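Visitor: structure here, sequence nowhere to be found:
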């Protein structure tokens, strides 16, 4: 995949008009807090003082991870395909929240260790039956990694809306995301590794040891794409390609939790301006997410102690994004409502 | 108004069944964080493992405050009635957010210094043209205070839904709320007083001085109802009565920002179990709100730097409440979806 050039939305001619539009609404200056920053961001992305959110979608990428051989997860690998079945049957958390908030859900098999056959509602972009075990070998070849990114980009290009969120399912993928975080931020490994789906303290220490040994094994790996191919997952690589393409197409990009954020970390290393398009929907309870968000200078919208993945943070935060755009488009101004302005 | 006896929802027979229902959903244990606690709370209130939210409403109470004579607000008093007109015309933030999230809005004139005449959409419960200036006299008589509480209770009793949020509009009412907070919590006044709609630092110090002098003037006032009558507002007293009645009727009670929280503080001093019914929708940027929430042991859902009032926090957080109930009612269980459980 050719890495697209992402244009920054900053220093835009519309910036002053957006500030004026926000400040003229019938409310004390700044009193809608983060919603004002969100409205401004959407306006900058769409180059409009009346931004509109059209046909929001969440892509959920599922993939398996060879590193589960190292016993780094509280759940067996089979849960990946079982949860994909749950997505297709409409029984998972992301189904419930996406339906509630009018968000279209697309489930993608990026490389699950299971033969689903042809299934309505499942997009088959399978790149293998799970990645290689990065404790012993690179998770992917560079060709697989680039193919995954291209698949992701193609999926986003086919969407007809202007807001896209990302989610994932993959037993073992907090291990992959922690390794990516450690390699690309140089934050100490102990601060990157968490309990995932529910490891005990000794389980977390073992997971940390597995990643440390793998980092030593692959010590020469350093570029963002090499790190992604060596430690990532098919679903993470697809998210990286998707996010870059979404920003190129000037869509609003919704970032979910720990794994999703590791993908935007890779994307931002390739094209820093991609961050101008990102709404960080929540701070996960997964240890390491807070530090990764801080590294990216990102302020999350929600802080509810979620640690589920699947794009659930994107779906839950979407009404707030809608509110930010709605206040900007629909509230009266001091002038139109004939409300007196500040007297002090 | 007779203070109703509020029954605690704790120690309920359904508690264990609710925990089991939440934990059997297809997600790692506890991974929906605060949404799990919310679902549990709704289940306890409704005594059901399948709680339903029906016809949510937000009551917005508007009232004027005699203490504005002391020059404690950044906006002139006329903004109270002008904003009521804005509510009636659909141009305020609360109109936009309530409409977005399917919440019925009721605007109540609790005692605005303006003659609206008969107006569609405005409930006339006017108890005067604003309260007395508490720097010199009690804001209300005890009879007015009890009448206000009764009006509030009657309005809630007439609602046909089972979720009710509260909002307010009243130039000067952060001054009233800060005085109530200081008197009922004994938190130092400097930690209770904030900028309201946008006072300068010297304005905040003056506001603090006005409240300190008033507290000294009314030094013998100590019971919750006396504090409410002496320092409160018609809109605050109506909220107190409304909240108690809502809890008595086992409705979910949505608490907005600083002023709304000062009302539930009074209500909780009268009937502590009222807190079992409350969802604290957000932590306001108004200085003092965080400490008041901590005093009430309340964990707010949102932390977006809002400081607008009107019930906007209730409207913005409502989709999260809906999500909590939806996951409990609609997600598959490990058994129904045939997903493997934790292996560790």
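Guide: Now that the structure is in, tell me what you want to look at. Quick caveat, the model's predicted, so the values are computed rather than measured.
Visitor: quick one: contacts of the helix or strand bottoming out on mean pLDDT in chain A?
Guide: Ranked by mean pLDDT, DSSP states H and E, the weakest helix or strand in chain A is helix A:334-337, scoring a mean of 93. The contact list for helix A:334-337 (C-beta atoms under 8 Å, 6 or more residues apart in numbering or on different chains) reads A:24-26, A:340-341, B:82, B:85-86, B:89, B:91-92. Backbone N, C-alpha and C define where each C-beta goes, glycine included.
Visitor: 6 Å instead?
Guide: Residues external to helix A:334-337 that are found in contact with it (C-beta atoms under 6 Å, 6 or more residues apart in numbering or on different chains): A:26, A:341, B:86, B:91.
Visitor: distance from the longest helix along chain A to the middle of the chain?
Guide: When chain A is parsed with DSSP state H, its longest helix is helix A:312-330. Computed by C-alpha atoms, centre = their mean, to the nearest Å, the chain-centroid distance of helix A:312-330 equals 17 Å.
Visitor: picking up where we left off before, who wins on neighbours among the contacts of helix A:334-337?
Guide: Using other C-beta atoms under 10 Å in any protein chain shown as the neighbour criterion, residue B:86 leads the contacts of helix A:334-337 with 26 neighbours.
Visitor: please report the distance of it from residue B:125.
Guide: Residue B:86 is 19 Å from residue B:125, where distance means C-beta to C-beta, to the nearest Å.
Visitor: also residue A:190?
Guide: 59 Å.
Visitor: the more surrounded of those two?
Guide: Set residue A:190 next to residue B:125 and count neighbours by other C-beta under 10 Å: residue B:125 wins out with 21 against 13.
Visitor: now do stretch A:296-308, average pLDDT.
Guide: Stretch A:296-308 shows a mean pLDDT of 97.
Visitor: list the buried residues in it.
Guide: Residues of stretch A:296-308 classed as buried: A:296, A:298, A:300-308 (neighbour count, 16 or more other C-beta atoms under 10 Å in any protein chain shown).
Visitor: mind pulling up the pLDDT for residue A:72?
Guide: We have a pLDDT of 95 for residue A:72.
Visitor: show me what contacts it?
Guide: For residue A:72, the contact set (C-beta under 6 Å, 6+ apart) comprises A:175, A:207, A:210.
Visitor: again, 10 Å this time
Guide: Contact analysis of residue A:72 by C-beta atoms under 10 Å, 6 or more residues apart in numbering or on different chains lists A:65, A:135, A:171-172, A:174-176, A:178, A:193, A:196, A:199, A:203-204, A:206-211.
Visitor: drop anything exposed from these.
Guide: A:65, A:135, A:171-172, A:174-176, A:178, A:193, A:196, A:199, A:203-204, A:206-208, A:210-211.
Visitor: helices - which of these land there?
Guide: If you go by DSSP H, the buried ones among the contacts of residue A:72 have A:174-176, A:178, A:203-204, A:206-208, A:210-211 in helices.
Visitor: out of those residues, which is nearest to residue B:151?
Guide: Relative to residue B:151, the closest of those is residue A:174; by C-beta to C-beta it sits at 53.7 Å.
Visitor: quick one, strands of the stretch 51-200 of chain A?
Guide: Taking DSSP state E, counting those that start in this stretch, the strands of the stretch 51-200 of chain A run over residues A:57-63, A:104-111, A:122-124, A:163-169.
Visitor: closest to residue B:52 out of those strands?
Guide: Distance to residue B:52, taken as C-beta to C-beta, is lowest for strand A:104-111 among the strands of the stretch 51-200 of chain A, at 23.7 Å.
Visitor: that older thread, what's the closest of the ones in helices among the buried ones among the contacts of residue A:72 to chain B?
Guide: Checking these against chain B by C-beta to the nearest C-beta gives residue A:203 as the nearest, at 6.2 Å.
Visitor: residue A:180 versus the closest one, what's the distance?
Guide: Distance from residue A:203 to residue A:180, by C-beta to C-beta: 20 Å.
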